[in-house]
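Participant: structure, please.
(2 chains)
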Amino acid sequence: MPSSPHTQTVQLQLEKVPERDSHGQRVMVKDPAGGLAPKLLTGFRFAGGIDQDRQYCPYGYPDCGIYVTHVYSGSPADKAGLRVHDKILQVNGNNLAFLGHAQVAALLNRETQLSLLVHRGFQRFTTQLSDSLGSEARVSASVLL
Amino acid sequence: PPTDSDNPNELGGLQQHQQQQQQQQANQDDNWGETNTALTGATSETGMSADEMARYSRELDAAAAAAASADAAGFDCGRAMATVLSVTLGLAAFISPLVMVVLPKAGAFTWELISLAFRLLILLVATWCLFFRRGRASMPRVYIFRVLILFLIFVITFAFWLFYGVRVWQYQESDYSSIVEFAVGLTDALLFVHYLGVVLLEIRHLQARYAIKVLRSPDGESHIYPVGELSIQRAAVLVLQQYAVDFNAFNPYLEQAYASARNRSAHRRSYRFYDVDQGSQANGSAAAGGDNGGGGNGGGHSSSGRHQRRGSAAGGGGGGGSRSAADRFYDECEYERRLRKRRARLVTAAEEAFAHVRRATNSELMGPQHLPQHMPQQQQQPIGKPMSAYEAAQTVFPTMLRALQKYLRITKQQPRYTTDMVLHHLTNCIHYGLSAKAFIERYLTQGPVVEDPRAPAGRKRQTWTLLCDCMPSRSLDDGVQFCLRQGDVSLFCTVKRIPFFSLGEEVFDNKRHKFVLRLNSETSV
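Facilitator: Have a look, this model is predicted:
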């Protein structure tokens, strides 16, 4: 990937934290083995996947990769340095390139400690078009530099 | 059926015809014979045959002409009496304070006289402003509110004169200022009655409470108007005023415009009447008896049935009832295409014509020698001698005459406009410097009713008939229906109440008024 001042590829380590409810108790969910396990939170929202139609995404991502759309403040993801619009390339060595959305969700929920390879460089910028009538139309274009 | 005739072949043909009718009748539903006699117009007493219908329509025309001439004379006895009565009453009420003040011989000047004079002046101006107007319409029933106001005026004037008579003449009251106060009291009462009149007659119906949907019968055009609290006859007057402005002028020939050439010939063919069965109809009017009676009845029914269909078709507006849906669709599409082509030609011709005419500049008016010398050569050529707007119109008119004629012919407006009228309009447009599109706007559509130059019964006065189930002086209510009729045109009006709106409020709280982006696939991990 071309390296320019706006793009970088980082490796992030984060450790999931158990979710606490309003009383401070740990929230328990059923695990596939049949018992109860504490629900673990990572603290971000992602969109994308090879089975998704990226035209429905308002951010205008250039491909069908997995992008972080929101990071909850104070969460492990925030402390690890994950930012919005980061593209996650690998999780614990697994390549996410050909995985669908649900499979990525399952993968992320399975692991307790995540080592993410993240590409950062998505920028949204706006251009102004003025036509002969003099009115200006704003076009937002998303560019991966 | 006649047993002897001159031509045996004719008789044989007649019998064959009747047998065919019998077979047809036998093939059809049994109950069909029961409705037989009800449908035969020519054989029952209450029905009408062809010549009777012609006679009836002639009578209708004569009656309409007579009514039109009577109305054109302009004298309506009922209206004149009502006007005379109200004017007399108003004058009497207005004069009475003056008379009350003047009558006692002692006339010391008091300040109340000035206030009396002022009030009388206000009353005079207000009455003139509000009630001395030409009436818009004459209504079939009594106008209740006006009668109420007149009654109040009469009662008040009478009561005050009664008290005046008692106090001044019987008790010999000589205090002049109290007499003047009494007259001022009468004027006050009259002013308040005037206020009541304003509220009842002018203001009460301004707030919209009902919506009247007006549907015109022969062509189905409809509009909807909001009205306030009114009686049915006043609402009918309002509907007619809006009808004159909003609706397109009714052109009875427009329905035939859709028929293409081949359908038009079928249309003409359908008006033939058979008179072969004329002699047998008298025998066939009895209830269906034996074969002969049945045959005669069947023969009589067939021709009069066909006649009945024609009659209903003629009564229903002259449409060819035998056209199928595909024919109608095709005809309408063709008509639209031809209309658009001719409209394009008309617009082009009009714009070319108007391009020739140009307002003469000042220098051209004064003569070619006054043109400035530095202008380029082609502008120094004289265009032509300056002429008046009428001459310019006459010169330019032939270039678009043909296109205009063809367009008027396809929209069936050609009986409406003469050459003089078109020239006059063109002169006006050139005189005021209007464009080509403004000139042809009048001819592009049918135009509103009020501008129709061939409106029936003149433009000053029109006679409409109000048909209503309940009394026309009742006030409007939800679900009331009434019909206004003039000749071919029927306006069917339905009244619906506008609902009561209860408005609520929703406040923007800027801290909570936030938005989130919606992604179709987003998972929280």
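Participant: surely residue B:494 is in a helix?
Facilitator: No. With DSSP: H, G, I helix; E, B strand; the rest coil as the criterion, residue B:494 is strand rather than part of a helix.
Participant: and it, what is it in contact with?
Facilitator: For residue B:494, the contacting residues are B:212-213, B:215, B:479-481, taking CB atoms under 8 Å, 6 or more residues apart in numbering or on different chains as the criterion. Where you see a C-beta, it was placed from the backbone N, CA and C, and this is true even at glycine.
Participant: hey, what's it bridged with?
Facilitator: Beta-bridge partners for residue B:494, by DSSP bridges, are residue B:213, residue B:481.
Participant: confidence score at it?
Facilitator: Residue-level confidence at residue B:494 comes out at 96, pLDDT.
Participant: how far away is it from residue B:215?
Facilitator: Residue B:494 is 8 Å from residue B:215, where distance means CB to CB, to the nearest Å.
Participant: quick check: pLDDT value at the closest residue to residue B:100 other than its chain neighbours.
Facilitator: Using CB to CB, 6 or more residues apart in numbering or on different chains and skipping the chain neighbours, the partner closest in space to residue B:100 is residue B:183 (4.6 Å). Taken from the predicted model, the pLDDT recorded for residue B:183 is 89.
Participant: next, the distance between the ends of stretch A:43-51.
Facilitator: Across its full length, stretch A:43-51 reaches 23 Å end to end, with CA to CA, to the nearest Å as the criterion.
Participant: does chain B sit close to that stretch?
Facilitator: Yes. Stretch A:43-51 comes into contact with chain B (CB under 8 Å from any CB of the partner chain), by way of A:43-49.
Participant: which of those residues fall in strands?
Facilitator: Among the residues of stretch A:43-51 next to chain B, the ones falling in strands (DSSP state E) are A:44-47.
Participant: what number of residues lie near residue A:59?
Facilitator: Residues contacting residue A:59 under the criterion other CB atoms under 10 Å in any protein chain shown number 16.
Participant: give me the residue at the spatial middle of chain A.
Facilitator: Note on chain A: the residue nearest the mean C-alpha position is residue A:68, at 1.8 Å, using CA atoms, centre = their mean.
Participant: neighbouring contacts of the longest helix along chain A?
Facilitator: The helix of greatest length in chain A, counted in residues with DSSP state H as the criterion, is given as helix A:101-110. Residues from elsewhere that reach helix A:101-110, judged by CB under 8 Å, 6+ apart: A:42, A:46-49, A:51-52, A:66, A:91, A:94, A:96, A:99, A:114, B:521, B:523, B:525.
Participant: hmm, residue B:226 is touching residue B:213, no?
Facilitator: No. With contact taken as CB atoms under 8 Å, residue B:226 and residue B:213 are classed as non-touching, separated by 10.8 Å.
Participant: which one's more surrounded, these two?
Facilitator: Regarding residue B:226 and residue B:213, a neighbour count based on other CB under 10 Å identifies residue B:213 as having more, with 15 against 11.
Participant: quick one, grab the pLDDT at residue 59.
Facilitator: Here I'm looking at chain A. Looking at residue A:59, the pLDDT reads 79.
Participant: ah, no, chain B please
Facilitator: If you check residue B:59, the pLDDT there is 56.
Participant: show me the contacts for the residue nearest to residue B:100.
Facilitator: Residue B:183 makes contacts with B:97-98, B:100-101, B:116, as judged by CB under 8 Å, 6+ apart.
Participant: what does residue B:143 give?
Facilitator: Going by CB under 8 Å, 6+ apart, the list of residues near residue B:143 reads B:231, B:233-234, B:473.
Participant: quick one: which two of those are the most distant?
Facilitator: Maximum pairwise distance among these (CB to CB): 9.0 Å, between B:234 and B:473.
Participant: neighbour count winner among those two?
Facilitator: When residue B:234 and residue B:473 are compared for neighbours, residue B:234 comes out ahead with 23 against 16, by other CB under 10 Å.
Participant: my read: that one touches residue B:138, true?
Facilitator: No. Taking contact to mean CB under 8 Å, the distance of 11.9 Å between residue B:234 and residue B:138 leaves them out of contact.
Participant: list residues touching both of those two?
Facilitator: Residues within reach of residue B:234 and of residue B:138 at once, by CB under 8 Å, 6+ apart: there are none.
Participant: who touches the nearest residue to residue B:187 once chain neighbours are set aside in this structure?
Facilitator: Closest residue to residue B:187 apart from its sequence neighbours, by CB to CB, 6+ apart: residue B:119 at 4.4 Å. Applying CB under 8 Å, 6+ apart to residue B:119 gives the contacts B:184, B:187-188, B:191.
Participant: how about the helices in the stretch 101-250 of chain B?
Facilitator: Assigned by DSSP state H, counting those that start in this stretch, the helices in the stretch 101-250 of chain B fall at B:111-131, B:144-164, B:176-198, B:232-246.
Participant: now for those, which one comes closest to residue A:17?
Facilitator: Each of those was scored for nearness to residue A:17 using CB to CB, and the closest is helix B:232-246 (72.4 Å).
Participant: so what touches that closest one?
Facilitator: Contacting residues not belonging to helix B:232-246 are listed as B:136-137, B:139-141, B:143, B:205, B:212, B:214, B:223, B:225, B:227, B:230, B:448-450, B:462, B:464, B:466, B:468, B:470-476, B:480, B:482, B:484, B:491, B:493, B:495 [CB under 8 Å, 6+ apart].
Participant: buried sites along it?
Facilitator: Neighbour-count burial for helix B:232-246, with 16 or more other CB atoms under 10 Å in any protein chain shown as criterion, is recorded at B:232-240, B:242-244.
Participant: now stretch B:467-485
Facilitator: Residues of stretch B:467-485 classed as buried: B:468, B:472-473, B:476, B:480, B:482-484 (neighbour count, 16+ other CB under 10 Å).
Participant: mind listing residues that contact it?
Facilitator: Taking contacts as CB under 8 Å, 6+ apart, the residues outside stretch B:467-485 that touch it are B:139-144, B:209-210, B:227, B:229-233, B:235-236, B:239-240, B:464-466, B:490-497.
Participant: if we use 6 Å, what do you get?
Facilitator: B:140-141, B:144, B:210, B:230-233, B:235-236, B:464-466, B:490-495, B:497 (CB atoms under 6 Å, 6 or more residues apart in numbering or on different chains).
Participant: filter those down to the buried ones, ChimeraX style.
Facilitator: For selection in ChimeraX, the members of these meeting the burial criterion (16+ other CB under 10 Å) are listed in this command:
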select /B:210,230,231,232,233,235,236,464,466,491,492,493,494,495
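Participant: give me every residue in chain A lying close to chain B.
Facilitator: Near chain B, the residues belonging to chain A are A:42, A:45, A:47, A:52, A:56-58, A:69, A:101, A:105, A:108 when assessed by CB under 6 Å from any CB of the partner chain.
Participant: are any of those buried, and which?
Facilitator: Among those, those scoring as buried are A:42, A:45, A:47, A:52, A:57, A:69, A:101, A:105, A:108 (criterion: 16+ other CB under 10 Å).
Participant: quick check: the third one vs residue A:16, distance?
Facilitator: Look at residue A:47 and residue A:16: by CB to CB, they are 20 Å apart.
Participant: same check on the second one?
Facilitator: Computed as CB to CB, the residue A:45 to residue A:16 distance reads 15 Å.
Participant: repeat that for the last one.
Facilitator: For residue A:108, the distance to residue A:16 (CB to CB) stands at 9 Å.
Participant: low-scoring pLDDT stretches of chain A, where are they?
Facilitator: Confidence mapping of chain A against pLDDT under 70 gives the ranges A:1-5, A:124-145.
Participant: what segments of it are strands?
Facilitator: A:8-15, A:17-18, A:28-30, A:36-38, A:40-41, A:44-47, A:66-71, A:87-91, A:94-95, A:113-120, A:122-130, A:136-144.
Participant: tell me which of these sits nearest to residue B:353.
Facilitator: Relative to residue B:353, the nearest member of these by CB to CB is strand A:122-130, separated by 40.9 Å.
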